[in-house]
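Colleague: model this:
(6 chains)
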Protein chains: 6
Amino acid sequence: MASAVGADGPSVVVVSAHAADFVWRSGGAIARAAEDGGSVTVLCLSYGERGESAALWKDEGATLESVKAARQEEAAAAADVLGADVVFFDAGDYPLRPTDELVDGIVAQFRRLQPTLLLTHAERDPYNLDHALTHEIVLRARMVAQAAGLPDRSTPPLGAAQVMAFEPHQPEQCGFVPNRFLDITAVFERKQAAMKCMGAAQGHLIDYYEDLAVRRGVQARRNGAPGSVIHAEAFQQVFPTVGATLW
Amino acid sequence: MASAVGADGPSVVVVSAHAADFVWRSGGAIARAAEDGGSVTVLCLSYGERGESAALWKDEGATLESVKAARQEEAAAAADVLGADVVFFDAGDYPLRPTDELVDGIVAQFRRLQPTLLLTHAERDPYNLDHALTHEIVLRARMVAQAAGLPDRSTPPLGAAQVMAFEPHQPEQCGFVPNRFLDITAVFERKQAAMKCMGAAQGHLIDYYEDLAVRRGVQARRNGAPGSVIHAEAFQQVFPTVGATLW
Amino acid sequence: MASAVGADGPSVVVVSAHAADFVWRSGGAIARAAEDGGSVTVLCLSYGERGESAALWKDEGATLESVKAARQEEAAAAADVLGADVVFFDAGDYPLRPTDELVDGIVAQFRRLQPTLLLTHAERDPYNLDHALTHEIVLRARMVAQAAGLPDRSTPPLGAAQVMAFEPHQPEQCGFVPNRFLDITAVFERKQAAMKCMGAAQGHLIDYYEDLAVRRGVQARRNGAPGSVIHAEAFQQVFPTVGATLW
Amino acid sequence: MASAVGADGPSVVVVSAHAADFVWRSGGAIARAAEDGGSVTVLCLSYGERGESAALWKDEGATLESVKAARQEEAAAAADVLGADVVFFDAGDYPLRPTDELVDGIVAQFRRLQPTLLLTHAERDPYNLDHALTHEIVLRARMVAQAAGLPDRSTPPLGAAQVMAFEPHQPEQCGFVPNRFLDITAVFERKQAAMKCMGAAQGHLIDYYEDLAVRRGVQARRNGAPGSVIHAEAFQQVFPTVGATLW
Amino acid sequence: MASAVGADGPSVVVVSAHAADFVWRSGGAIARAAEDGGSVTVLCLSYGERGESAALWKDEGATLESVKAARQEEAAAAADVLGADVVFFDAGDYPLRPTDELVDGIVAQFRRLQPTLLLTHAERDPYNLDHALTHEIVLRARMVAQAAGLPDRSTPPLGAAQVMAFEPHQPEQCGFVPNRFLDITAVFERKQAAMKCMGAAQGHLIDYYEDLAVRRGVQARRNGAPGSVIHAEAFQQVFPTVGATLW
Amino acid sequence: MASAVGADGPSVVVVSAHAADFVWRSGGAIARAAEDGGSVTVLCLSYGERGESAALWKDEGATLESVKAARQEEAAAAADVLGADVVFFDAGDYPLRPTDELVDGIVAQFRRLQPTLLLTHAERDPYNLDHALTHEIVLRARMVAQAAGLPDRSTPPLGAAQVMAFEPHQPEQCGFVPNRFLDITAVFERKQAAMKCMGAAQGHLIDYYEDLAVRRGVQARRNGAPGSVIHAEAFQQVFPTVGATLW
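Modeller: Numbering: from 1, shown residues only, chains lettered A, B, ... in the order given. Presented below is the predicted three-dimensional model:
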C-alpha cells in the first residue's frame, strides 16, 4: 500500500466515503490519470460495511469483521486494476463521523502526496449524509493541510489543489451540475474490469454504470467532443481553474 | 472589416452589447487568442450611443450620428490594437431590441466564422437589461446557427461552440461566479493600449479595470496559478467542457 | 391627475400591472410616504379588465369599456385616499405586452418624476406573467431613463433609483424573500379605506390583506421591531443600499 | 384531429415545441393517461423542420414543405399509437416566436379542452431556447385562459391546471429536478412503438430513451416504488399540489 | 407511550425539535393520518425547556425540571388529542446536540415503527439552528436505519420513507417552498383543541396559526382545491414521489 | 479588555474566526460605529496561529506560543486604533472546533454586551471552513443567548440582533451578494492605520484592501451614493430589517 508520487504526471487523491464508491463513480478518471503517468491514491474512509454490503449480510455467519475484510479485498483489487494505491481508514459508516483522528489522517496523506487534484463526493446528498460529510471533510482537510504552522514540519504545506465532485447516484436531487465530461473511452475496459471486482451480487450496478457511461458519452459529444468519444464520466469543479487559454 | 478564419488557431467570436464592452471585459482574452494564432471577431450590436456615451453628449453640438461615429472609431481602433476584426450591427441601445434582422445577422456571422468559443455578457444584469438580452440573443443565435434546415445552404451548421460570460461591472448582483481565470499578464500592455482608445473621458475606467486585473490575478494565484501571473480576467462557462484530462 | 414633485420628501413611483395591485400590496407604503411629505405617483399599466375583474363580468351587460371605466374609478379613488397621483396607461392585460410605446411612456414618467424609489412586482410569478413582465419593464425603463442620449433633452437622466418588490400573493412560489418590513401601523386605517374602494365584491381580499398585515407585523417584531408595530408590509430590495451606517 | 373531452378521466394537454419532443419525453405519461380513460391532446407548436430534422435534410430534394409534411406524418402516427389527439400550429422553429396568434391559438385550445394537467418543457434550457420559450408560452396561455373577460364567451375560463415539466436532454444543465417518477412499465411497449414512428434515422434516440426509462425506473424503486416498476419517466411540478393526504 | 403500527393505514413519524413544534406546524396532518386509520408517533427531541418556555420562566420558582415537566404534560395532552403516540428524548435544547445516543435512539424508533412518511422541520432556519439540525438528524437517522448491517438484527431495515418539511415560522427566510397543501378542514377543530393544550400563555400563537390555516386554505383553492377546503397546512417534500399517475 | 455598553450609540459585536479577519473585512465599519458613539467589541475565536501566520513561521525559532503572542499583540493594537474592545478565545484554528465551551463563552459575551448588530463571516466559504463555521456558531450563539431559561439569570436574554456578513476574499465563490455598501471615507485613514498594525509581512494585503475599498466606493456611487463617497465596505444582511421608511 506504499505510494510514491509519480515523477511523470499529476498527483491525484480520491476520497471515497465507502469502499466501492470510487470504482463506480470515478474509475475511468483514475485509470486515465494512471495511464497518463500520474500517481493516484484512493483514501477509503470506511468499508461501507454497515450500509452498503447488504448482499454480504445475507450470509448467516456474517460478522462486521468478515464483511469489512471482504470489502477491503474487493476494493484493493479494483484499485489495483485501475492502477491506484489505496489507503483504508476504517472510520465506520452509517454514519461516518468527522473525528479529529480521521481529519488528521487525511491531512497527513494530503501533505505526503501533495495532490494537485482531489476527487470526492458532491457537496449535497440527502439520501446519504456520509457522502456530503466526506465532501466537507475533504474541504476541511485541504484547508488544514495548507497551514504553515502544523506540528509536523516534515511535510510541506499543500498547494491550491482543485477539488472535483464525481457523480452521485441521483444527480439532480444532489444539486450536481456537471461542468466537465471526461473521455474514458480508452480506459473503459479497465473500468469494467474494476467494477467486476466488486462482487457478483452487484452485477446490476455494472450494467447501470455501463449505461451511464454511454449516456454521458452522448452528452459529451453534444457538447463538442469528437465522435470517437463513446464513454464519459461527469464531474463538477469546486474552485475556479486558471490557465493561459480559455478553451 | 473583412475576416478570415485563422488557419492556425481557434475561431473566437465576441458579442458586445455596446461598442466599448468587449474592451473592458475581455480585451485580454481577445489579445491572447490573437497572439496564439486564433481568429477573433467582435460583433458590436450597438454603439452604446444613447446610454454609454455621456461624455460625448456634453458637447453642445452632439447628434446621434456624431456620437455613433465617434464610438465606432474608438471601438474599431481598440479592436485593431487587440488583433480582432469587428462588425457593427447598429441595432440601437437603451433598449437593445431582439429583432429578427439582428438575430439573423448574428446567425450569418456564426455560420461564416464557425467559432468554437463565444464570449459575451452574463445571463443576468439588473442594472443593464441590454447585457442580459445580449446573452439570450447569443444562445438563440447559436441554436439557430446549428440548424440543418436554414434557407442559406452555403454555410455549414455551427458546431457545439462553448459560451463564456465575461465579467459584469457588479458581478455579485448579476449572479456571476467565475470558474475560469485567464492569465493575461503577457498581453496586459496591449489591453491597456486598447482601453486608451476608448476616449480620454473614460480614464477613470482604465484605472478601474487595471485594478480589477490585479485583483483577479491575486485570486488566480490563490487558485493555483504560478507567481508569474499578475493580471487576469474572469469568465464563467455556460456549457460543460469535454476533454481527455480532468486538470 | 397632474403631479408635482414634493419639495419636502422623497419621490416614489409605484408601477402596478393591473389597477388594483398597488392597493393590496403597497397601500401602506404609499400612505406612509405621502404622510412623510413625499410625492407618490402610481403608474397603472392596465385596468386588469380581462383577468382581474371577474365580479364585474358577471353583469350581463358588461363590456370591455364599462369594466375598464369601473376599475379606473376604483383605482383613482384608492390612490386619492392614499395620497398618491395615478397615471393610467391602458396597455391591456392578460397578457400585458411590452411595447415600445409603453416603455417610452414609463420612461417619460420616470424622467418627469425623478423617483429615488420604485415599487413594483417581484421578478418572478409563475401564476401571473403580467407581474413578472412588469418587473422586467421597470428595470428596462429605469435603464433607458438613465441614458444621457435620449431624444427628449427637456428632462434630466434618472439617477440610481432603488427598486423594491412588493409581496406577491403566493410569495414562496415567486422566490420572494422579504428583506424589509415596513411599519404601516400608523397608516393602516388609511390602507383599509383604500382597500374598501376596490369594490364590495372583493371583501374577502380585504380580510385576507388585513390578516397578512398582522402576520407581517408579528414577523417584524420577531426581527426587532418594537411592540408598537402591529401592521407591516414586506418588501424585497433589488439593488444594494448605501449609507453612512450599517443599521 | 377532432377531440372530445373524455367523460371517464382527466383531460391532459401536452405542449411540444417541436414535432417529436412529446414522444421521447412524455410518451409514457400520454399512454398511461389514455389507458386510464383520460383525454390527451398534443399541441405541436412547430414541426422542428429547421432544427430537428437533420436526417431529412440530407436528402438532396428536401424542401421546407417536404420536411414539414414528413414530420407531421410521423408525429400524427406516434400520437395515434399513444392514444392522443394532436393539433399542429406550424409556428416555425429555430427560433420559435411567441406571436399573439400562437398564444391566442393555444388559449383557445385550453378553453376548449379544459385540461387539469399541462405537460411541457422545462423552464430553462440553454441549449434550446425554443424549449424554454414554450414553457413561458404555456404559463402565459394558462393565465390568459383563466381570464373572465376574454372576447370569446363561448368557452368557460380555465381552472387552476397543474403544469409539469418533462425531462430535457441534459437535465442538470437545465435546472431540472424531478419530483415525480411516473411508472410507465405497463405502457412501455406502446411508447416504444410510438418512438419507432419517428423515423429510422433516429434509431439511436430510441436506444437512448429506452436506457433512460430503465435508469429512471431504478431511481423510482430507490424512492419507494415496488420492484414491479421497471420503466419510469421523470417530471417536475410547477405549482403546489393539493390533497386530502400527504402521501 | 407504547405504540402499535396500525394495520389499517400508513405509519407516520413526526420528529419535533421542541415539545410544541409538532402541534403548531403539523397538527392537522397528524389528525388526518390518525383519522384515516394510520399510526402516528411523535418524537420530541427536547422539551424546548430553555428556549421556548419563556412564559413558564416568569414564575419565580421555575426550575429546569419543573419547566420540562410542564412542557411534557402539555405535549402529551396535545398528542393524545391528535391521536398520536409520543416519545420524549430529553436531549436538551438551545442548543440541541446531535449525539450518537440521540441518533441511535431515533434509528431504533424508525426501525420499530417502519414509517413510510417522516414529517420534520425545514432544512434551513437561520433563526433557530435546532430546527435545521433536526432536519439533518432525520436524514442521517433515516440513512442509518436503512443499513443492513446494524448490530440490532431484531428489526428490519427501513424502506425509502418520504420526508416532508412542515412550515417554519418565517418560511421565506428558511427557503421553504411548499409543494403540497394538505386539506385539514375536517380535522381543524381537533387541531384547535390540541393547540389549546399548549398553555394559556400562548393564546396569541393559536390566533396566529388559525389565521395561517385560513391563508394556506385560500392558496390551496387557488391551486385547484375545491371550495370546501377552508383550512390547510403547507409541506415541502424532500424526495421525489413515485406513482402510477401524474395527478 | 473590559467593555462598557455605550450610552450614546449602538452596541456592535464582531466575531472574527482568526485574529486579523476583522481588520481587513470590517475595519471601516468598526471605526464608524465607534466614532458614532457606539460600543464595539471584537471576539477573536482564534489567533490564526496555524493557518494565517505563514510569515511568522518562517522564523526558525517560532513556536505556537510565540506566534499566538505576536498575533494577539497585532490584533489588540489594531482594535485599539479602530476604537474597539477585543476578547480572545484562543479556541484554535485550522480547524476551528465548535466546542460547547466556545459557544457558551460567546453566548456569555452576547448576554453581557447586548448587541443590536453582529458582524461576522459569510455563510459559505469553500476555501476556509473556519469562516463558514464561525457564521454558524454566531447564529447558534445568538439563538442560545435569546433563551429565557439559561442557567445564568444575571444577564437578560438577547434581543433580535441583526447579523451582517462582511466580505470574504473571493466573494463570488462564497455566494456573497452585498446588499449594503457602507461609506467608510471619513474613517479610511483609521482603517489604514489599523491594517498597518498587522505586520510588515502583509503589506500586499494592505494594498489589496485599499483597492477593494475604492472599488466598492465606485459601486456605492453607482447605487446612489453621493460623489463624496470614495471608500466603502460591502455587507450582506442575514435577517430582514424593520423600519418606518422604505428608503
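Colleague: would you state the helices of chain A in chain order?
Modeller: Secondary structure of chain A (DSSP state H): helices located at A:21-35, A:54-57, A:64-82, A:100-113, A:129-145, A:188-196, A:203-222.
Colleague: distance of A:Val187 from A:Met195?
Modeller: 12 Å (C-beta to C-beta, to the nearest Å). The C-beta positions use only the backbone N, C-alpha and C, and glycine is treated the same way.
Colleague: find residues that contact each of these two.
Modeller: Here A:Val187 and A:Met195 have no joint contacts, going by C-beta atoms under 8 Å, 6 or more residues apart in numbering or on different chains.
Colleague: would you agree A:Gly38 is in contact with A:Gly9?
Modeller: Yes - A:Gly38 lies in contact with A:Gly9 (C-beta atoms under 8 Å); the separation is 3.3 Å.
Colleague: just for chain A, where's the confidence low?
Modeller: Along chain A, the parts satisfying pLDDT under 70 run over A:1-8, A:200-201, A:247.
Colleague: for it, what lies in contact range of chain E?
Modeller: Selection of chain A residues close to chain E by C-beta under 8 Å from any C-beta of the partner chain yields A:49-51, A:53-54, A:57, A:62, A:64, A:67, A:93-95, A:97, A:126-130, A:173.
Colleague: again, only this time at 6 Å
Modeller: Chain A comes close to chain E at residues A:Glu49, A:Arg50, A:Gly51, A:Ala54, A:Trp57, A:Tyr94, A:Pro95, A:Pro126, A:Asn128, A:Leu129, as judged by C-beta under 6 Å from any C-beta of the partner chain.
Colleague: quick one: the closest residue to the second one other than its chain neighbours and F:Ala232, what's the gap?
Modeller: Counting by C-beta to C-beta, 6 or more residues apart in numbering or on different chains, E:Gly149 is the residue found nearest to A:Arg50 once chain neighbours are left out, at 3.9 Å. Relative to F:Ala232, E:Gly149 is positioned 57 Å away (C-beta to C-beta).
Colleague: any buried residues in stretch A:228-236, and which?
Modeller: A:Val229, A:Ile230, A:His231, A:Ala232, A:Glu233, A:Ala234, A:Phe235, A:Gln236 (16 or more other C-beta atoms under 10 Å in any protein chain shown).
Colleague: for the residues you listed, work out which two are farthest apart.
Modeller: A:Ile230 and A:Gln236 (21.9 Å; C-beta to C-beta).
Colleague: more neighbours, A:Gly38 and A:Gly9?
Modeller: A:Gly38 (23 against 17; other C-beta atoms under 10 Å in any protein chain shown).
Colleague: wait, that one touches A:Pro10, no?
Modeller: Yes - counting by C-beta atoms under 6 Å, A:Gly38 touches A:Pro10, with 4.6 Å between them.
Colleague: which of the residues of chain A next to chain E has the most neighbours?
Modeller: For those, neighbours tallied by other C-beta under 10 Å; top is A:Glu49, 29 neighbours.
Colleague: thought A:Thr155 was touching A:Phe110?
Modeller: No - at 8.9 Å, A:Thr155 does not count as touching A:Phe110 under the criterion of C-beta under 6 Å.
Colleague: more neighbours, the two?
Modeller: Each of A:Thr155 and A:Phe110 has its neighbours counted (other C-beta under 10 Å); A:Phe110 has more, 24 against 16.
Colleague: which bits of chain A sit near chain D?
Modeller: Near chain D, when you scan chain A using C-beta under 6 Å from any C-beta, you find A:Gln170, A:Pro171, A:Glu172, A:Val177, A:Pro178, A:Asp211, A:Gln219.
Colleague: look up the closest residue to the third one, ignoring the ones flanking it.
Modeller: In space, and not counting its chain neighbours, A:Glu172 is closest to D:Val177: 4.7 Å by C-beta to C-beta, 6+ apart.
Colleague: the fifth one now?
Modeller: If you skip the residues right next to it in sequence, A:Pro178 has A:Ala234 as its closest partner in space, 3.6 Å away by C-beta to C-beta, 6+ apart.
Colleague: cool, the first one as well?
Modeller: Using C-beta to C-beta, 6+ apart and skipping residues adjacent in sequence, the residue nearest A:Gln170 is D:Gln219, 5.7 Å away.
Colleague: now for the residues of chain A next to chain D: which two are most distant?
Modeller: A:Val177 and A:Asp211 (20.5 Å).
Colleague: picking up where we left off before, ok, so of the residues of chain A next to chain E, who is nearest chain F?
Modeller: A:Leu129 (16.6 Å; C-beta to the nearest C-beta).
Colleague: how far away is that closest one from chain C?
Modeller: From A:Leu129 across to chain C, the span is 26 Å (C-beta to the nearest C-beta, to the nearest Å).
Colleague: do the same with A:Ala213
Modeller: On the measure of C-beta to the nearest C-beta, A:Ala213 and chain C end up 36 Å apart.
Colleague: and the nearest residue to that residue once chain neighbours are set aside, what is it in contact with?
Modeller: Closest residue to A:Ala213 apart from its sequence neighbours, by C-beta to C-beta, 6+ apart: A:His231 at 4.0 Å. By C-beta atoms under 6 Å, 6 or more residues apart in numbering or on different chains, A:His231 lies in contact with A:Ile184, A:Thr185, A:Phe188, A:Ala213, A:Gly217.
Colleague: got a list of what the second one touches?
Modeller: Going back to what we said before, that points to A:Thr185. With contact set as C-beta under 6 Å, 6+ apart, A:Thr185 has these partners: A:Val229, A:Ile230, A:His231.
Colleague: apply 8 Å and report the result again.
Modeller: A:Gly217, A:Ser228, A:Val229, A:Ile230, A:His231, A:Ala232.
Colleague: for B:Gly203, which of the helices of chain A is the nearest?
Modeller: helix A:129-145 (41.1 Å).
Colleague: that closest one near chain B anywhere?
Modeller: No - between helix A:129-145 and chain B, judged by C-beta under 8 Å from any C-beta, nothing touches; the nearest distance is 12.1 Å.
Colleague: what's the burial count for the residue in chain A that chain C sits nearest to?
Modeller: Closest to chain C within chain A is A:Gly175: 16.8 Å, counting by C-beta to the nearest C-beta. Neighbour count for A:Gly175, taken as other C-beta under 10 Å: 16.
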